[in-house]
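Colleague: have a look; sequence and predicted model below, questions after that.
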Amino acid sequence: MQQSGIEITKDLTIPKLFVSQCKKYGRNKVAMREKEFGIWIPFTWQDYYDNVKYLCLGMVSLGLKKGDKVAMIGDNRPEGLWAEMAAMCAGGIGVWLFQDCMMDEVKYIIDHSDTTFFVGETQEEVDKALAIKDSCPKLKWIIWDDPKGMRNYKQDFLMSIKKVQEKGKELDKKQPDLFEKLVSQGHGDDICLLFYTSGTTSLPKGALLSHWNMLTMGHNLMSVDPCYDTDDFVSYLPFAWIGEQMMSISCGLQIGYTLNFPEEPGTARENIREIGPHVMFAPPRLYEGMTRQVQVKYIDSTWIKKKAYEFATWVGYRVANLSFEGKKVSPGMRILNWIAYLVMQKKLKDHLGMSRLRHCYTGGAAMGPDHFRFFHALGVNLKQIYGQTEIAGISIVHRDGGVKFDTVGTPIPETEVRITDEGEIITRSPSVFQGYYKNDEATAKTLVNGWLYSGDRGFIDEDGHLVVFDRSKDVMTLRDGRPFSPQYLETRLKFSPYIQEAWVVGDKRDYVTAVMCIDYSVVGKWADERKINYTSYQELSQKPQVYDLVQKQIEEANRDLPEVARIHKFVNLYKAFDADDEELTRTSKLRRAFVENRYKDILAALYSNNEMVHMDTTITYEDGREQRIKTDLAIRKVKG
Amino acid sequence: MSSVWLPCGDYHENYLKDQGWWQSSFIKVKMILLLAVVFLGIPFLAPEYWIGVATMVGYTSMGALGVQLLIGYTGLVTLGHAAFIAVGAYTSTMMILQFPWPQFMVDLGLAYPVSILVAGIVAGLWSVLFGLPSAKVKGFYLILTTMAAQFITVDFILTQYVSQIGGRGQAFSLPPGTIKIGPFVMETEREIYFLMAVLLTLIVIGLANLLRSKPGRAWVAIRDNDIAAEALGINIVWYKLLAFFVAGFTAGIAGAFWVSNTAALSPEHFPFFLSLWLVGVILIGGVGSIHGAIFGSIFMVVIMELLQMAVIPLAAYYPKLLVDFAYIKDAAFGLAIAGFVIYEPNGLAYRWWQIKNYFNLWPFSY
């Protein structure tokens, strides 16, 4: 086991670090694995180096120059990371796109970022690029990886990664030291990545991050929670999300741990279980998904297994609560906890792929305290992380033993956090970004004297932990004038396995209401067992029995709240919120302003005396097809 | 994908490991325990009578494994397996009795081991001969051709001709001391048991190895859909004949082993009923599983022993029971098969799989 002893200097760049790590580990260590044909095919650091080198030289021979943008879109695969690294080695700037981006988003980002090289994984991505090629005149080359379906594509600006690498080999024969020279030209202050933030309100903004930003961020996080080069990490979340970049590049490259790529996005959960990563970072919805999976499977389990589960969670919750409160665990409880570990937690962690987990992080959105408790009751060292793309990932994290489920922790080294007079969280660190690309106005608003203005409201508690209340613009004012975070209530509602999404409304209104999206598979199963017939999400959501079920979940969440903050009325939406309908960001955050406008009829009805609201709207499918929906939604009052 | 359930954090970077024998430490411990029971526990702790029962289980397993390979893995239904066991037994016996062995081979105790190997090969080739129709026919027609093997081999050739060698008529008996492996003479139950355990272990290892390599995949492909298998480029005639050879080979070894157990040999040891019995064993144990053949053998042999134990005290009150026991046995066999086909059509191996799953999925049900 070896921990990173790398010193981050202004001269160090990601490619320089990459080359030195490749030299250090060579053929003796596996840099990445990809699951294909049933086995985890390994790539050593030498393979990684060769692939990146030839890809880089190939792109250079096609005309890639320092500062050029290289856009990448595709699943998490080694080839994607090679392309990114190759672009950086040539002094280029990487731009990652979410794979499920709609055409307009792709076009906006490619055009706005002045991308010259487009690296797509499959025919689907190539088609997207071809469709926008004419309206993005700066786009010169389209490179693809998977040959499936590409036989009849004859355009001369199309090329496969393999072909590019061959060109790279030719160039390497002519100029054998070119690659090293290109790498050595880099400087820590150069821009390496251009990140388009999801933006809950407006068009995406491109955040510019330098090598120095990325590397210091990784270094400071690792100094809090060390990783080792023998660790495994599973890379399955989109590279277009800063969290994945931070784990795969900022941390992964410094430590030299092994990145594992799943077979398909759909098999990711199973593949995680096989690998059993030592460190994990995921947005809350993944942990929410795991909790839901466990809860549902528990319901369907047999009597003995249920009892074992109930016993173990009872013990687990008690131990977790004691440690949250900072109290000592009695020896009797310790023994019980050990038994609980043997009969249940060990096995459950195995199912979730958390057996070898040293620490795991959640960040990117708020996570409910119930989910948080759930994982700690299992003995999983789950920590909150707070940060944003603009600070190259994260700035604040829980420390081992100092986890409080209502806070996000304390700043990592070299990071200062303050609260402005308006209650806004501002941070300063070497990782603060360089500004927004071609958007000085937004830069000036966000970056003042080296301080990053987050737009989040929060405060620092008595232990020095940061508490994030909510996005400043989302904080609602209740009837009695108190501020209230809708997110808090929403995450509590989402702890119920039956509820997939919730949207709580009540800013400056007489009472609080909610728009609920049921979880189709879980509620569907529930309905099947009760012999309730339904044919679609829409029909299921409007069943009176389902309304009863949802009402019960709301009453549960209402229980500990002051009267004014309780949900008074709710409606079951005829569909789940979806990023393709622009209701969620690509990182699954609710775009409140957008949904408020879209569902204004529902809102109006919630605050009237109507018991029904008529909807007439269209929904968009992932392939761009649209369907008109006409339906009546019932409005239900919650008692008490 | 790996065929066994692996704990989180155990993964394979190559197919060598993916198809490995002992993939997790749990399996390693389990297998070592099993071998300890087979090679130390039963022979040294069990009463002699039960060692004899265990030997019968082993003999049945050796036969059933060949049937399993043909029916369970290659989809070639056979009702003539007893014939190949008989060929093995007669080959071994004739070699020991008639072959002009050089004296040093006899002294070194090599005659019997060599005869076991030859018995396997001869039975394998004999099996291929009766497997040849499988190139043309399948299903019911193949069943009939394999039945032909039974009648031609046992009732005709062995009874009418081979048994007449030496002019003694029906049975052969092997003089004491002729069944000798190296310095060990096979005489006591325990020695015979050891011979069985070693042979069965070797057969299981060999068969499992074949099944996880190219021939095994070809067999399963032929079983699932022979036309599709042929379309995929599998030489189905070759692989069907190979299956017949391997099944015949194990039958031959089982037959050669049988000689050591009885020290006598008669065509009556290999009736048509034995062929049926072996098919019954794999139906009860579970079709398409090595475990299944062994579970089925244990179940059938032990049930029959228990039945016998139940009948003996009752015979004091109703003596005819003892006389009719052979028929009671047949009836019990019929009942067991009917019961399994109706209530547990996937056999004991499936039950075993379910038990493993119960714990693998803990604390959930799926």
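Modeller: Looks like it came in fine.
Colleague: you'd agree A:G94 is in a strand?
Modeller: Yes - membership of A:G94 in a strand is supported by DSSP: H, G, I helix; E, B strand; the rest coil.
Colleague: need the contact list for it.
Modeller: Shown in contact with A:G94 (Cβ atoms under 8 Å, 6 or more residues apart in numbering or on different chains): A:69-70, A:72, A:84, A:87-88, A:192-194. C-beta: built from backbone N, CA, C; applies to glycine.
Colleague: just give the nearest non-adjacent residue to it, would you?
Modeller: Nearest residue to A:G94 in three dimensions, chain neighbours excluded: A:E84, at 4.5 Å (Cβ to Cβ, 6 or more residues apart in numbering or on different chains).
Colleague: report the mean per-residue pLDDT for the helix or strand in which that neighbour is found.
Modeller: A:E84 is part of helix A:78-89 when elements are defined by DSSP states H and E. On average, the pLDDT along helix A:78-89 is 96.
Colleague: which elements pack onto that helix?
Modeller: helix A:14-25, strand A:30-36, helix A:45-61, strand A:69-73, strand A:93-97, strand A:115-120, helix A:161-174, helix A:178-184 (3 or more Cβ pairs under 8 Å, 6 or more residues apart in numbering or on different chains; DSSP states H and E).
Colleague: picking that back up, out of the contacts of A:G94, which comes closest to chain B?
Modeller: Closest approach between these and chain B, by Cβ to the nearest Cβ: A:E84, at 24.1 Å.
Colleague: please look at the closest one and A:I93 and confirm they touch.
Modeller: No - assessed by Cβ atoms under 8 Å, A:E84 is found out of contact with A:I93, at 10.0 Å.
Colleague: list phi and psi for A:L259.
Modeller: Main-chain torsions, A:L259, degrees, to the nearest 10: phi -90, psi 140.
Colleague: on that earlier part again, which residues do A:E84 and A:I93 both contact?
Modeller: Residues touching both A:E84 and A:I93 (Cβ under 8 Å, 6+ apart) are A:V70.
Colleague: which outside residues touch the helix-or-strand element of chain B with minimal mean pLDDT?
Modeller: Ranking every helix and strand in chain B by mean pLDDT, DSSP states H and E puts helix B:320-323 at the bottom, with a mean of 82. With Cβ under 8 Å, 6+ apart as the test, helix B:320-323 has contacts from B:311-312, B:314-315, B:328.
Colleague: now that helix, how far from the centre of its chain.
Modeller: Chain-centre distance of helix B:320-323: 30 Å, with Cα atoms, centre = their mean, to the nearest Å.
Colleague: using PDB, list the CA coordinates for that helix.
Modeller: Extracted in PDB, the C-alpha atoms of helix B:320-323 (Å, rounded to 0.1, in the frame of the first residue of the first chain):
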ATOM      1  CA  LYS B 320     -44.100 -63.200   2.400                       C
ATOM      2  CA  LEU B 321     -42.700 -59.700   2.600                       C
ATOM      3  CA  LEU B 322     -39.100 -61.000   2.600                       C
ATOM      4  CA  VAL B 323     -39.800 -63.200  -0.400                       C
END
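Colleague: quick one: buried residues of that helix?
Modeller: Residues B:L321 are the ones in helix B:320-323 that count as buried (16 or more other Cβ atoms under 10 Å in any protein chain shown).
Colleague: interface residues of the stretch 251-400 of chain A facing chain B?
Modeller: Contact residues (Cβ under 8 Å from any Cβ of the partner chain) of the stretch 251-400 of chain A with chain B: A:273-276, A:297-298, A:300-302, A:305-306, A:308-309, A:312, A:344, A:347-351, A:353-356.
Colleague: pull out the buried members of those.
Modeller: Neighbour-count burial within these applies to A:273-276, A:297-298, A:301, A:305-306, A:308-309, A:312, A:344, A:347-351, A:353-356; the criterion is 16+ other Cβ under 10 Å.
Colleague: tell me which stretches of the stretch 251-366 of chain B form helices.
Modeller: Per DSSP state H, counting those that start in this stretch, the stretch 251-366 of chain B carries helices over the ranges B:272-285, B:290-315, B:320-323, B:325-343, B:347-360.
Colleague: possible to save those helices as CSV with distance to A:H211?
Modeller: Converted to CSV, the helices of the stretch 251-366 of chain B look like this (distance: least, Cβ to Cβ, whole Å):
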stretch, distance to A:H211
helix B:272-285, 64
helix B:290-315, 58
helix B:320-323, 91
helix B:325-343, 69
helix B:347-360, 47
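Colleague: of those, which shows the lowest average pLDDT?
Modeller: Between these, the one with the least mean pLDDT is helix B:320-323; it has a mean of 82.
Colleague: for the nearest residue to B:G58 once chain neighbours are set aside, give me the pLDDT.
Modeller: With sequence-adjacent residues excluded and distances taken as Cβ to Cβ, 6+ apart, B:G58 is closest to B:M196, at 3.8 Å. pLDDT recorded at B:M196 is 96.
Colleague: for B:M196, give me the backbone phi and psi.
Modeller: According to degrees, to the nearest 10, B:M196 has phi -60, psi -50.
Colleague: how about the residues of chain B near chain A?
Modeller: So chain B meets chain A at B:1-2, B:6-15, B:18, B:362-366 (Cβ under 8 Å from any Cβ).
Colleague: give me the number of residues near the residue nearest to B:G58?
Modeller: Using other Cβ atoms under 10 Å in any protein chain shown, B:M196 has 25 neighbouring residues.
Colleague: for B:T262, see how far away it is.
Modeller: B:M196 sits at a distance of 13 Å from B:T262 (criterion: Cβ to Cβ, to the nearest Å).
Colleague: touching, A:Y361 and A:F281? I think so.
Modeller: Yes - between A:Y361 and A:F281 there is a contact under Cβ under 8 Å: 4.4 Å.
Colleague: anything in contact with each of those two?
Modeller: A:I385.
Colleague: next, the contact list for residue 341, please.
Modeller: All of this is about chain A. Taking Cβ under 8 Å, 6+ apart, we find A:Y341 in contact with A:312, A:379.
Colleague: not quite, go with chain B.
Modeller: Counted by Cβ under 8 Å, 6+ apart, B:V341 has contacts B:L283.
Colleague: also B:Q68?
Modeller: Applying Cβ under 8 Å, 6+ apart, we find B:Q68 in contact with B:282, B:285, B:287-290, B:292-293.
Colleague: and for the residue of the stretch 501-640 of chain A found nearest chain B, the neighbour number?
Modeller: Nearest residue of the stretch 501-640 of chain A to chain B: A:K525, at 11.7 Å (Cβ to the nearest Cβ). Other residues near A:K525 number 16, with proximity taken as other Cβ under 10 Å.
Colleague: go ahead and confirm it touches A:R292.
Modeller: No - in this structure, A:K525 is not within contact of A:R292 by Cβ under 8 Å, at 11.7 Å.
Colleague: which residue packs closest to the residue in the stretch 251-400 of chain A that chain B sits nearest to, ignoring adjacent ones?
Modeller: Per Cβ to the nearest Cβ, A:G276 is where the stretch 251-400 of chain A lies closest to chain B, at 3.0 Å. Distances taken as Cβ to Cβ, 6+ apart put B:G9 closest to A:G276, at 3.0 Å, once the chain neighbours are dropped.
Colleague: helix or strand for the one you found, which one?
Modeller: Short version, using DSSP H and E: B:G9 is in no helix or strand.
Colleague: report the helix or strand with the lowest average pLDDT across chain A.
Modeller: strand A:612-620 (a mean of 81).
Colleague: note down every partner strand of that strand and its orientation.
Modeller: The strands that strand A:612-620 pairs with in its sheet are strand A:626-637 (antiparallel) (by DSSP bridges).
Colleague: buried residues in stretch A:286-305, which are they?
Modeller: Buried-residue list, stretch A:286-305, by 16+ other Cβ under 10 Å: A:286-288, A:290-294, A:296-298, A:301, A:305.
Colleague: I meant stretch B:49-65, not that one.
Modeller: If you call a residue buried by 16+ other Cβ under 10 Å, then stretch B:49-65 has these buried ones: B:51-65.
Colleague: closest to B:H269 out of these?
Modeller: Nearest to B:H269 among the buried residues of stretch B:49-65: B:Y59, at 10.8 Å, using Cβ to Cβ.
Colleague: I am finished for the moment; much appreciated.
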